[in-house]
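Participant: Requesting a structural model of the entry that follows:
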Amino acid sequence: MVDTTEKIRILVLGDSGVGKTSLVNLISNTNSKPCWTVGCNVEVVLHESRDNSEFIELWDVGGSSVHENSRAVFLRGNYHALILVHDLTNSKSYTNMIKWALEFAQRGETPARRRISREAESTLLKSIEIPKLIVGTKQDHLWSRSRYTTDRTGLMTDLNAQIISVNCLDNIQYKGSYQQQQIANFFDQVIKHKKNASNKFNRAFRSPTPASSPSPSSSIFSTLDLGFNF
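Facilitator: Residues are numbered from 1 along each chain as shown. Predicted coordinates:
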């Protein structure tokens, strides 16, 4: 049975050229040739689980600094999860995921290049309560597991995100793989998180007496092994 209520929207962020579009094409089983994303590209995936099936929208936002001002329009949307993408052969793209998470937390209102205190950054990262997934691409080009996954910012733990790595250009290897199963599990968690959030809102809305705001719940994800296939 397909759920016809509000579609689940997942935002995909990362540096330009890290493989966001290739990742979205891999997940959505799209055979089109990846090209530079200008603005935003949306792919819809029908995710089937044991309970039901739901449509999931993957919002692939261009990472070029040239479009920084227009990008804020997409960051202000209503999203149910966040996927941060980095290139396993590019250490800077890994560090820059913190910049992307901060830009999302501020909904693009504060320019990413403007520095704020470390304490403020940590608070902003912890305020992102939706499920988060970190995906390392170009796994087939990686020759050292540890070289490009060092947390130089010391803020990655504040994201409390699940971590996987993939080769976006090998559809055959991806099907039935550990990576595909982990992404499917992530989608299941996103659906569960959305339903729980909706139930909390509805209970509070129907309450006949004023109720105190619920405290932010802890993230449902923990960091997993990278799952490299050599």
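
Participant: helix/strand/coil for Trp59?
Facilitator: strand (DSSP: H, G, I helix; E, B strand; the rest coil).

Participant: Give me the local confidence score for the residue nearest to it when sequence neighbours are not counted.
Facilitator: In space, Trp59 comes closest to Leu11 once its chain neighbours are excluded; the distance is 5.0 Å by C-beta to C-beta, 6 or more residues apart in numbering. Where C-beta positions appear, they are placed from N, C-alpha and C, glycine not excepted. pLDDT, Leu11: 96.

Participant: Tell me the helix or strand right after the strand or helix carrying Leu11.
Facilitator: Per DSSP states H and E, Leu11 falls inside strand 2-14. Going down the chain from strand 2-14, the next helix or strand is helix 20-28, by DSSP H and E.

Participant: Helices of this protein, residue ranges please.
Facilitator: If DSSP state H is used as the criterion, the helices of the chain fall at 20-28, 68-75, 91-95, 97-105, 118-126, 156-159, 171-174, 178-206.

Participant: who touches the residue nearest the centre of the chain in this structure?
Facilitator: Nearest to the mean C-alpha position of the chain, counting by C-alpha atoms, centre = their mean, stands Ile83 at 1.2 Å. By C-beta atoms under 8 Å, 6 or more residues apart in numbering, the contact list for Ile83 reads Ile10, Leu11, Val12, Leu13, Leu23, Leu58, Lys132, Leu133, Ile134, Val135.

Participant: of these, closest to Arg71?
Facilitator: Taking C-beta to C-beta as the measure, Arg71 lies nearest Leu13 of the contacts of Ile83, at 9.2 Å.

Participant: OK, contacts around the closest residue in space to the closest one that isn't next to it in sequence?
Facilitator: In this structure, Leu13 finds its nearest non-sequential neighbour in Trp100, 4.3 Å apart by C-beta to C-beta, 6+ apart. Trp100 makes contacts with Leu13, Gly14, Asp15, Gly63, Leu84, Ala112, as judged by C-beta under 8 Å, 6+ apart.

Participant: Greatest separation within the residues you listed: which pair is it?
Facilitator: Farthest pair in the contacts of Trp100, by C-beta to C-beta: Leu84 and Ala112, 13.7 Å.

Participant: which of the two has more neighbours?
Facilitator: Set side by side, Leu84 and Ala112 show unequal neighbour counts under other C-beta atoms under 10 Å, the larger going to Leu84 at 26 against 16.

Participant: Apart from its chain neighbours, what residue comes closest to that one?
Facilitator: Nearest to Leu84 is Met97, by C-beta to C-beta, 6+ apart, at 4.5 Å.
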